[in-house]
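> how would this look folded up:
(chains A, B, C and D)
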Amino acid sequence: MRVELRPASFAPLAELAAYQAEVDTRLLGQYGALSMFIGTMRDFNDGHAVQTMNLEHYPGMTEYQLQRIAEAAWRQWPVLDGLLLHRVGALQPGEPIVLVAVWTAQRAAAFSACRFLIEELKAKAPFWKREETGQGAHWVSHNTPA
Amino acid sequence: MRVELRPASFAPLAELAAYQAEVDTRLLGQYGALSMFIGTMRDFNDGHAVQTMNLEHYPGMTEYQLQRIAEAAWRQWPVLDGLLLHRVGALQPGEPIVLVAVWTAQRAAAFSACRFLIEELKAKAPFWKREETGQGAHWVSHNTPA
Amino acid sequence: MTIQVKYFASLRDRLGRDGDELESVSGLTVAGVWAALHPKTPLPPNTLAAVNLEYASLEQAVRAGDEVAFFPPVTGG
Amino acid sequence: MTIQVKYFASLRDRLGRDGDELESVSGLTVAGVWAALHPKTPLPPNTLAAVNLEYASLEQAVRAGDEVAFFPPVTGG
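Prediction:
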């Protein structure tokens, strides 16, 4: 299981492929299911065009809370391995924000744990988005519920 | 949207990355969510070791039913793009069986449509698994429910 | 004109062949196709049927030129 | 010993600084930390608090050496 913050733009599918190679050395033939989610910055949010976004976090607490969320998923489902990467800093539309991947023996646990990780992260991990639009900048006030 | 059968082993993450590049030329900045599932052959199923597996299908009906399942997902959720690849033929443990990927604006639709596609495929697409174990070969009698 | 009949997976293995041809007669149903070809073998429980690539009930009418398939529960994915 | 106080995102912008230091006194709570530092500014509605990287209620006790943080609802992912 790897949980990391990324201060610069990252290539989620390349990262996933690299981590998959590591998973295969340990678990090939054991996992039957990989569920993955990638969240990407859109150029349009809540009815306005977005030019750039800044993702602030709370160094120390953010990493700690992500780790706790992962541990909660591991307790709840028979997870074999996982990868959670989250961007911080200045983003352009089209850039990835978050990658969540979960390997399990069977599909139901993979889907459930992957969904749990992204929902818990959005609800509890201390990140804050500030969007710059043609009409100025504003803090995003809340996340949309699942 | 691409729906394809694969008669030989395929690299799902490489295929996903290639298709993602196509999606980006059309939809970068519009999609905010990608949900993906990969099903992989395990070396152990229902309590016995599996050496090889043969995936039979019904040429013509299988492709048609997969297309119908995709269309049903498109009607139910605001899907921007999708990729569905399914293996046929002789597989070894650790080889990918199925890849499902769905791009949407927001995450709930991506998760729901991806899950729908795999569940519908398992329930309705005409594929049949025959497993070879150390004790001989047998047809898998039914899929486990979700 | 005839009806093409196909068998898949464990059902094909059991019957020892992957298909049959049947002369079309009026009033034929999916169940009737099976009965005509396998008068001594009841349709195995849980067998699924398709007509022209669509899932079909045993009562569905079958016409000349149709392709009828019989197969066990599907196990893909 | 002191208490380190941190502010994030829109709350930091509003206060014009990213933190404060406060002398520890006995019986201090999270709400008391805010009140001591911002006697004229009620805690904005929906503000979240953390003590030593764990989410905390406003009633939670705060001790010398603790790190207390105030921030708006989180919007990651």
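> sec struct for the residue of chain C found nearest chain B, please.
For chain C, the residue closest to chain B is C:G76, as judged by CB to the nearest CB, at 2.7 Å. From N, CA and C alone the C-beta is placed, and that goes for glycine too. Of the three states, C:G76 takes coil under DSSP: H, G, I helix; E, B strand; the rest coil.
> Also C:A35?
Per three-state DSSP, C:A35 ends up helix.
> What is the burial count for it?
14 (other CB atoms under 10 Å in any protein chain shown).
> quick one: it and chain D, what's the gap?
C:A35 sits 59 Å away from chain D, going by CB to the nearest CB, to the nearest Å.
> Quick check: that residue vs B:A105, distance?
Noted for C:A35: a distance of 53 Å to B:A105, by CB to CB, to the nearest Å.
> Just confirm yes or no for stretch A:50-63 near chain D.
Yes: under the criterion of CB under 8 Å from any CB of the partner chain, chain D is reached by stretch A:50-63 at A:55-58, A:60-61.
> okay, among the residues you listed, which ones form the most distant pair?
A:L55 and A:G60 (16.1 Å; CB to CB).
> ok so, going back, would you mind putting the residues of stretch A:50-63 next to chain D into TSV with secondary structure and distance to chain B alongside?
Shown next, in TSV, are those (DSSP: H, G, I helix; E, B strand; the rest coil; distance: CB to the nearest CB, whole Å):
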residue	secondary structure	distance to chain B
A:L55	strand	14
A:E56	strand	19
A:H57	strand	20
A:Y58	coil	23
A:G60	coil	27
A:M61	helix	24
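> Name all residues that make contact with residue 70.
Chain wasn't specified; assuming chain A. Residues counted as contacts of A:A70 (CB atoms under 8 Å, 6 or more residues apart in numbering or on different chains) are A:1, A:3, A:82, A:84, A:117.
> think we crossed wires, I meant chain C
Here C:F70 is in contact with C:5-8, C:11, C:34, C:43, C:47-49 (CB under 8 Å, 6+ apart).
> Buried among those? Make that a ChimeraX selection.
Burial among those is assessed by 16 or more other CB atoms under 10 Å in any protein chain shown; the matching ChimeraX selection reads:
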select /C:5,6,7,8,11,34,47,48,49
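> What about the contacts of C:F70, which are in helices?
Residues from the contacts of C:F70 lying in helices, with DSSP state H as the criterion: C:11, C:34.
> Tell me, how many residues neighbour A:F44?
Using other CB under 10 Å, the number of residues around A:F44 comes to 14.
> can I assume it is in contact with A:V50?
Yes: counting by CB atoms under 8 Å, A:F44 does reach A:V50; the two are 6.6 Å apart.
> which non-adjacent residue is nearest C:P73?
B:H142 (5.0 Å; CB to CB, 6 or more residues apart in numbering or on different chains).
> who has more neighbours, A:L55 and A:G60?
Per other CB under 10 Å, whichever of A:L55 and A:G60 has more neighbours is A:L55, with 24 against 14.
> okay, the residue lying closest to that one once chain neighbours are set aside: pLDDT?
Excluding its sequence neighbours, the residue lying closest to A:L55 (CB to CB, 6+ apart) is A:V88, at 5.0 Å. If you check A:V88, the pLDDT there is 98.
> Quick check: A:V88 touching A:Y58?
No: contact criterion CB under 8 Å: A:V88 and A:Y58 do not qualify, at 10.2 Å.
> Of the two, which one has the most company?
More neighbours surround A:Y58 than the other of A:V88 and A:Y58, with 21 against 18 (other CB under 10 Å).
> How about the contacts made by the closest residue to C:G76 other than its chain neighbours?
Spatial nearest neighbour of C:G76, chain neighbours left out: B:F127 (2.7 Å); criterion: CB to CB, 6+ apart. Listed by CB under 8 Å, 6+ apart, the contact set of B:F127 reads B:55-57, B:62, B:86, B:88, C:74-77.
> quick one: which two of these are the most distant?
Between any two of the contacts of B:F127 (CB to CB), the greatest distance is 13.7 Å, for B:E56 and C:G77.
> gap between the closest residue to C:M1 other than its chain neighbours and D:E54?
Excluding its sequence neighbours, the residue lying closest to C:M1 (CB to CB, 6+ apart) is C:A64, at 3.6 Å. As judged by CB to CB, C:A64 and D:E54 stand 75 Å apart.
> Same question for A:V98.
22 Å.
> out of the two, which sits in the more crowded spot?
A:V98 (24 against 12).
> tell me the contacts of the closest residue to the more buried one other than its chain neighbours?
Leaving out its chain neighbours, the residue that sits closest to A:V98 by CB to CB, 6+ apart is A:G39, at 4.3 Å. When contacts are counted by CB under 8 Å, 6+ apart, A:G39 touches A:96-99, A:118, B:32-33, B:107, D:77.
> Select from those the one having the most neighbours.
A:L99 (26 neighbours).
> and that one, that one's in a helix?
No: A:L99 is assigned strand when assessed by three-state DSSP, not a helix.
> Tell me the bridge partners for the most centrally placed residue in chain A.
Centroid-nearest residue in chain A, with CA atoms, centre = their mean: A:V98, separated by 3.1 Å. Note on A:V98: beta-bridge partners by DSSP bridges are A:G39, A:H86.
> Looks like it contacts A:M36 (just checking).
No: in this structure, A:V98 is not within contact of A:M36 by CB under 8 Å, at 11.0 Å.
> Break down chain A into its helices, ranges please.
For chain A, the helices defined by DSSP H cover A:12-27, A:61-76, A:107-124.
> for these, which one sits closest to B:D24?
Across those, B:D24 has its closest neighbour in helix A:12-27 (11.1 Å, CB to CB).
> related to what we said a few turns ago, what's the most buried one of the helices of chain A?
The highest mean neighbour count among these, using mean count of other CB atoms under 10 Å in any protein chain shown, belongs to helix A:107-124: a mean of 22.
> helices or strands next to that helix in the packing?
strand A:33-40, helix A:61-76, strand A:79-87, strand A:96-104, strand B:33-40, helix B:107-124 (3 or more CB pairs under 8 Å, 6 or more residues apart in numbering or on different chains; DSSP states H and E).
> closest to D:L28 out of those?
D:L28 sits nearest to helix A:61-76 of all these, at 20.3 Å, using CB to CB.
> Using CSV, list the CA coordinates for that closest one.
Only the C-alpha atoms of helix A:61-76 are listed here, as CSV (Å, rounded to 0.1, in the frame of the first residue of the first chain):
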residue,chain,number,x,y,z
MET,A,61,-2.4,16.2,9.0
THR,A,62,-3.2,15.5,5.4
GLU,A,63,-0.8,12.6,5.1
TYR,A,64,-1.9,11.3,8.5
GLN,A,65,-5.6,11.4,7.7
LEU,A,66,-5.1,9.7,4.3
GLN,A,67,-3.2,6.9,6.1
ARG,A,68,-6.1,6.5,8.6
ILE,A,69,-8.6,6.4,5.8
ALA,A,70,-6.6,3.7,4.1
GLU,A,71,-6.4,1.7,7.3
ALA,A,72,-10.1,2.0,7.8
ALA,A,73,-10.7,0.5,4.3
TRP,A,74,-8.2,-2.3,5.0
ARG,A,75,-10.1,-3.2,8.2
GLN,A,76,-13.5,-3.2,6.4
